[in-house]
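Enquirer: okay, here's the prediction I keep looking at, along with the sequence it came from:
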Amino acid sequence: MEFIIETHNITKKYDDFTAVDSVNLKIPKNSVYGVLGPNGAGKTTLISMLCTILHPTGGSATVNGYDIVKNPKEVRESIGIVFQSRALDDILTGREHLEMHAALYGVPKDLREKRLEEVLDLIALGPKADEFVKTYSGGMKRRLEIGRGLIHHPKVLFLDEPTLGLDPQTRESIWEYIQKLNQEENVTVLMTTHYMEEADKLCDEVAIINRGNIITADSPSNLKRELKSDTITIRVDKLEEFMEKARTLDYIKEIFEVDSEIKIMVERGDYLVPEIVNFANKNDIFVNSIELEHPNLEDVFLKYTGRTISEGG
């Protein structure tokens, strides 16, 4: 397998604070790779080093075969970037944005117009290309930013929280464009996200990061399969008493308390929901609610960190 990004114990420290701690990644060429973690976990710091925006304080990394410290110019020529915060000029049209970036990235004049039309078609902004950006919706602006990052045929496209702040419908449309550009442009996509569903749907492989450390990395399906368990979420009137007594049950693999709810990891949860309700009743504990979920990436994160991703910041 050919890897287009490799990191070797890459580290970023700010005085006594370690934002990224000895991270090792190997990202396959032409894949969609996700770095999944809560706000403040080190996601943006990590990709900022890979984009040569930040200088690592330890370790090393290569992007498209170039060392991020020794060959920053070649790295930048190999990548496109879409930042978390918006960076568009409202008084320019979509076409003008793309033309400006094509010139900045040195796309030859004789190829520029053809490339502009290709990108506009890819991001479905052709009919709106000559309208001012201030008239664009949030989803259209995000698509334009993605198109701008693609204008020079990069080998790697970095997307930092690509759907942050977008409504669910617009988010799903952005997912479709990310999959389309990965397939049609043969570009490797490295994206950060704290949306579990986004990582599950889009990514060939996911690295879970927490407090600057990569906890685990694999395909979403393998990570979920590894749990071999369902999650039962239960609310009771005597939380601490239930937790203490439930730990004696041999069919419970793990048990956590999250936001006044009890999360119980079990195998074959369909058969155990009635069993757990009966157990609570026998111990004079009232069950307010109980529900069963099959494994998802939230459960993977919970297993490895003991908390939900929303608590991570």
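Expert: That came through fine. Bear in mind that the values here come from a model prediction, so they are computed numbers and not experimental data. Residues are numbered from 1 along each chain as shown.

Enquirer: can you pull the contacts of Ile4?
Expert: Contact partners of Ile4, counting by Cβ atoms under 8 Å, 6 or more residues apart in numbering, are Ile27, Pro28, Lys29, Asn30, Val63, Asn64, Lys155, Val156, Thr188. The way it works is simple: take the backbone N, C-alpha and C, and place the C-beta from them, glycine included.

Enquirer: could you do Arg142 as well?
Expert: If a contact means Cβ under 8 Å, 6+ apart, then Arg142 has Val82, Pro162, Thr163, Leu166, Thr170, Ile174 as its contacts.

Enquirer: repeat that with 10 Å
Expert: Arg142 makes contacts with 82, 86, 88, 123, 136, 159, 162-166, 170-171, 173-174, 177, as judged by Cβ atoms under 10 Å, 6 or more residues apart in numbering.

Enquirer: returning to what we had before: which of the contacts of Ile4 count as buried?
Expert: Ile27, Val63, Asn64, Lys155, Val156, Thr188 (16 or more other Cβ atoms under 10 Å).

Enquirer: OK, contacts around the last one?
Expert: So that's Thr188. With contacts defined as Cβ under 10 Å, 6+ apart, the neighbours of Thr188 are 3-5, 27-33, 63-64, 78-79, 154-158, 182, 204.

Enquirer: and for the fourth one?
Expert: Contact analysis of Lys155 by Cβ under 10 Å, 6+ apart lists 4-5, 29-30, 63-65, 75, 77-80, 185-188.

Enquirer: report all helices and strands that whatever helix or strand Leu120 lives in contacts.
Expert: Assignment of secondary structure by DSSP states H and E places Leu120 within helix 109-122. Identification of packing neighbours for helix 109-122 by 3 or more Cβ pairs under 10 Å, 6 or more residues apart in numbering; DSSP states H and E yields helix 94-104, helix 138-150, helix 168-184.

Enquirer: buried ones in it, by neighbour count?
Expert: Taking 16+ other Cβ under 10 Å as the neighbour-count basis, helix 109-122 is seen to contain the buried residues Arg115, Leu116, Glu118, Val119, Leu120, Leu122.

Enquirer: how about stretch 101-110?
Expert: Using 16+ other Cβ under 10 Å as the burial criterion, the residues of stretch 101-110 that qualify are His101, Ala102, Tyr105, Val107.

Enquirer: also stretch 9-21?
Expert: Ile10, Thr11, Lys12, Thr18, Ala19, Val20, Asp21.

Enquirer: doesn't Lys245 fall inside a strand?
Expert: No: with DSSP: H, G, I helix; E, B strand; the rest coil as the criterion, Lys245 is assigned helix and is not in a strand.

Enquirer: skipping adjacent residues, who's closest to it in space?
Expert: Using Cβ to Cβ, 6 or more residues apart in numbering and skipping residues adjacent in sequence, the residue nearest Lys245 is Asn283, 5.6 Å away.

Enquirer: show me the contacts for that neighbour.
Expert: Contacts for Asn283 were tallied using Cβ under 10 Å, 6+ apart; they are Val236, Lys238, Glu241, Phe242, Glu244, Lys245, Ala246.

Enquirer: format the residues you listed as CSV; extra columns: distance to Leu50, pLDDT and neighbour count.
Expert: Formatted as CSV, these follow (distance: Cβ to Cβ, whole Å; pLDDT from 0 to 100; neighbours: other Cβ atoms under 10 Å):
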residue, distance to Leu50, pLDDT, neighbour count
Val236, 46, 95, 22
Lys238, 49, 94, 14
Glu241, 49, 95, 14
Phe242, 46, 95, 24
Glu244, 46, 94, 11
Lys245, 49, 94, 15
Ala246, 44, 94, 19
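
Enquirer: between those, which is nearest Gly59?
Expert: Ala246 (42.8 Å; Cβ to Cβ).

Enquirer: gap between that closest one and Arg268?
Expert: Computed as Cβ to Cβ, to the nearest Å, the Ala246 to Arg268 distance reads 17 Å.

Enquirer: so what's Thr193 closest to, chain neighbours aside?
Expert: With sequence-adjacent residues excluded and distances taken as Cβ to Cβ, 6+ apart, Thr193 is closest to Ala199, at 5.5 Å.

Enquirer: can you list the domains in this protein?
Expert: The record's domain parsing of the chain by automatic domain parsing lists 3-218, 228-307.

Enquirer: what's the most buried one of those?
Expert: Highest mean neighbour count of the domains of the chain: domain 3-218, a mean of 18 (counted as mean count of other Cβ atoms under 10 Å).

Enquirer: the helices and strands packed on helix 109-122: which one's closest to Val300?
Expert: Closest approach to Val300 among those (Cβ to Cβ): helix 168-184, 19.9 Å.

Enquirer: next helix or strand past that closest one?
Expert: Using DSSP H and E, the helix or strand that follows helix 168-184 towards the C-terminus is strand 188-193.

Enquirer: between that following strand and helix 168-184, how big is the angle?
Expert: 160 degrees (axes from the mean of the first three to the mean of the last three Cα atoms, to 10 degrees).

Enquirer: cheers, nothing more for now.
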